[in-house]
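Enquirer: I would like to see how this sequence folds:
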Amino acid sequence: MGLVLCPIVYFYLIVDAHLVNVPFIDDYLLLETVQQFKTEQNFLEATKILFTQVNQHRFAFERLVMLTLVFFTGTVNLKVLITLGNLFLLGILYLFFLTFKQERVAWYYFLPVPFVLFNLTYYENAFWGIAAIQNTPLLFFAFLSAYGLSRSDRLGWWIGAVSALVATFVSGTGMLAWVIGAIILFFQRKYRSIFPWLGLAIGCISFYFLFDYQFIVSATTDKPWQHPIFNGLLMLGFWGNALYLDIPHAMQQAFYPDMMACVYLGLFIGIVFLGWTVRFFISRKIVRSYWFVLGALLFGLGTGAMFVLSRPMNQYFMYGGSIFSRRYMIFGAVLLAVAYLALIILTRRLRYVQPVVLALGMLGFVVLNFQSYHTSIVHLRQQHDELLLDAYYWKNYTTFLTEGDNFGDKPFWNHPTRMKELIRATESSGLSRLYASDKLPSPAKLRSQTRDKSGAFKGDFAAKAMSQIAENNYPAEYLEFYVREKSERVPTNFLLISNQHVLPLPALPIPHSLENFLKKRSYYDSELRYGMYRSKLPSGQFEVWLMSSEAPESKNWDLRFTGKRISLSAD
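Expert: Here you go, the predicted model:
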């Protein structure tokens with residue numbers, strides 16, 4: 001029980017320590033529709049708002065969760081929303097546990113599963129509101145649909161149907177649950193149950209596409225079958241994306257061993273699926289858990305296929321494209337857990353093979369778990385510190401630190417008033433707490449404190465510029481600031497001050513290398529760093545200061561001049 005609880009408790013403690021009640025990117029889209037829904041009196045218009053599409057998806061489930069929070073608390077607390085989304089992992093784990101129990105597999109074979117389910121490979125999904133309340137519930141309800149149909153009774157049929165309905169309006173990918181349900185019912189030879197199932201599926205999908213829906217044509221003209229090798233490898237890589245390392249994968253001719261590891265793992269998962277399918281034809285008796293595992297495998301594999309179909313590649317397979325975003329890594333982690341479950345059951349009669357599967361699974365999943373935390377906790381820290389500065393940047397410069405390619409960019413594609421109106425409405429109604437997160441003094445007060453440059457700075461500061469591949473896969477100028485403090489006061493922010501701007505930036509501790517981590521038994525080094533693309537800063541002559549949250553007796557923030565200045569030109 002301790003081994004099972006350890007990765008679970010650690011996951012929730014680490015994530016909770018880094019959560020902040022501030023919206024991030026697409027969270028504002030949901031806040032906007034929730035705000036509109038609260039004020040809309042017409043039933044039809046309110047229904048349209050509830051099912052408003054975002055790209056190709058309809059997020060009715062996510063909005064209903066937000067509206068429920070508003071009903072009970074009067075606000076949308078992003079920390080609560082994210083925690084609720086992450087709790088669905090426990091539901092997935094419980095379904096796996098029930099499968100082990102039904103298959104009468106020894107309890108200790110279950111021990112590796114929490115280590116692969118509860119890790120930070122998918123850290124974006126763990127701390128981003130809209131991702132946490134979308135992807136994790138999507139997997140849970142799709143799996144619950146298959147589990148319901150595995151019961152082979154009327155209640156199970158309704159569990160399957162309702163879960164498929166919910167999954168459809170969590171994300172468009174959830175429509176796969178209807179297809180998988182029909183496959184399960186067909187092979188169960190429950191032909192009478194297929195017809196009402198197909199009727200509900202047709203009705204649900206028809207409503208999805210015919211009620212106030214606009215078809216979005218992809219910007220790319222390429223089709224997956226035009227480059228079958230690239231896209232076949234991409235699909236295998238997505239299936240095995242639990243091994244996708246958190247390192248830059250630039251769009252260039254380069255070889256990334258982790259990408260090939262994902263392909264090999266995806267191929268192995270595909271072989272496990274084939275073995276699970278063969279089991280149906282050679283087993284004398286099929287227990288009901290068989291259908292749950294089949295449904296879970298089909299949903300994981302089908303999700304990868306749908307991603308590739310919607311975002312095909314025509315070159316640079318190693319780059320991986322947008323489908324290898326960190327918020328999608330949860331699909332690979334969960335699919336790997338399902339494949340392990342299936343492999344343990346398939347090797348049950350192989351006396352010497354099953355323990356080897358357990359040993360390799362335990363070793364591999366523990367290493368994967370440790371590696372994910374070692375490389376990703378710093379990203380949680382960075383996201384936490386950047387979000388805490390968003391309110392300052394918005395109040396003083398009507399922009400966000402966490403969003404946009406250039407200084408001054410506004411969400412909603414630089415619409416001049418949409419974001420201002422949304423924040424004004426959500427703050428006045430109590431729906432958002434963006435402003436409450438701002439703990440910094442005004443720029444005028446900070447500037448007044450920098451007139452005195454006598455504060456002793458004991459340490460080393462450096463800045464450097466380099467060329468780095470940006471999100472658009474073109475090289476761009478990238479800036480990094482470093483400081484190693486030699487006093488007991490640890491700065492929390494860099495502060496750049498020019499005649500026009502006072503810009504605080506997070507000062508983030510750098511993780512130790514694995515070797516130093518083991519030697520010093522400490523995750524963070526004493527050196528602090530922050531990096532950003534040059535376009536996120538305005539031009540000007542900036543003095544570089546350090547800020548500390550350990551305020552002195554005067555109750556002002558502790559500011560110390562590094563003695564350094566940087567010049568950022570307009571070009």
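Enquirer: can you pull out the helices in the stretch 151-300 of the chain?
Expert: 154-168, 176-187, 191-210, 228-239, 257-282, 289-310 (DSSP state H, counting those that start in this stretch).
Enquirer: looking at the ones you listed, which is nearest to residue 54?
Expert: helix 191-210 (13.3 Å; C-beta to C-beta). Backbone N, C-alpha and C define where each C-beta goes, glycine included.
Enquirer: so what does the closest one touch, helix or strand wise?
Expert: helix 154-168, helix 176-187 (3 or more C-beta pairs under 8 Å, 6 or more residues apart in numbering; DSSP states H and E).
Enquirer: hmm, back to that, the helices of the stretch 151-300 of the chain: lowest mean pLDDT?
Expert: Ranked on mean pLDDT, the bottom entry among the helices of the stretch 151-300 of the chain is helix 228-239, at a mean of 85.
Enquirer: next, the angle from that one to helix 289-310.
Expert: Here helix 228-239 runs at an angle of 130 degrees relative to helix 289-310 (axes from the mean of the first three to the mean of the last three C-alpha atoms, to 10 degrees).
Enquirer: buried ones in helix 228-239?
Expert: Going by neighbour count (16 or more other C-beta atoms under 10 Å), the buried part of helix 228-239 is 230-231, 233-239.
Enquirer: thinking again about what came up before, most tightly packed of the helices and strands packed on helix 191-210?
Expert: helix 176-187 (a mean of 22; mean count of other C-beta atoms under 10 Å).
Enquirer: how far off helix 257-282 does it point, in degrees?
Expert: Relative orientation of helix 176-187 versus helix 257-282 (the same axes, to 10 degrees): 30 degrees.
Enquirer: just to revisit the earlier point, between the helices of the stretch 151-300 of the chain, which one is closest to residue 565.
Expert: Proximity to residue 565, assessed across these by C-beta to C-beta, is greatest for helix 257-282 (40.4 Å).
Enquirer: mind listing what's buried in the closest one?
Expert: By neighbour count on 16+ other C-beta under 10 Å, the buried set for helix 257-282 is 258-263, 265-266, 268-270, 272-273, 276, 279.
Enquirer: same question for stretch 418-434.
Expert: By neighbour count on 16+ other C-beta under 10 Å, the buried set for stretch 418-434 is 419, 422-423, 425-426, 431-434.
Enquirer: so which of those residues are in helices?
Expert: Among those, the residues falling in helices (DSSP state H) are 419, 422-423, 425-426.
Enquirer: in the protein, which helix or strand is least confident?
Expert: Using mean pLDDT, DSSP states H and E, strand 53-54 stands out as the lowest-scoring helix or strand of the chain, at a mean of 78.
Enquirer: and that one, how far out from the chain middle?
Expert: Put simply, strand 53-54 sits 18 Å off its chain's centre (C-alpha atoms, centre = their mean, to the nearest Å).
Enquirer: adjacent strands (with direction) for the following helix or strand past that strand?
Expert: Reading on from strand 53-54 to the C-terminus, the next helix or strand found by DSSP states H and E is strand 57-58. Note on strand 57-58: by DSSP bridges, its sheet partners are strand 53-54 (antiparallel).
Enquirer: quick one: contacts for residue 525?
Expert: Residue 525 makes contact with 509-512, 516, according to C-beta atoms under 8 Å, 6 or more residues apart in numbering.
Enquirer: name the element it belongs to?
Expert: For residue 525, the host element (DSSP H and E) is strand 524-533.
Enquirer: let me see the contact set for the residue nearest the centre of the chain.
Expert: Nearest to the mean C-alpha position of the chain, by C-alpha atoms, centre = their mean, lies residue 125 at 2.0 Å. Residue 125 makes contact with 131-132, 135-136, 326-330 under the criterion C-beta under 8 Å, 6+ apart.
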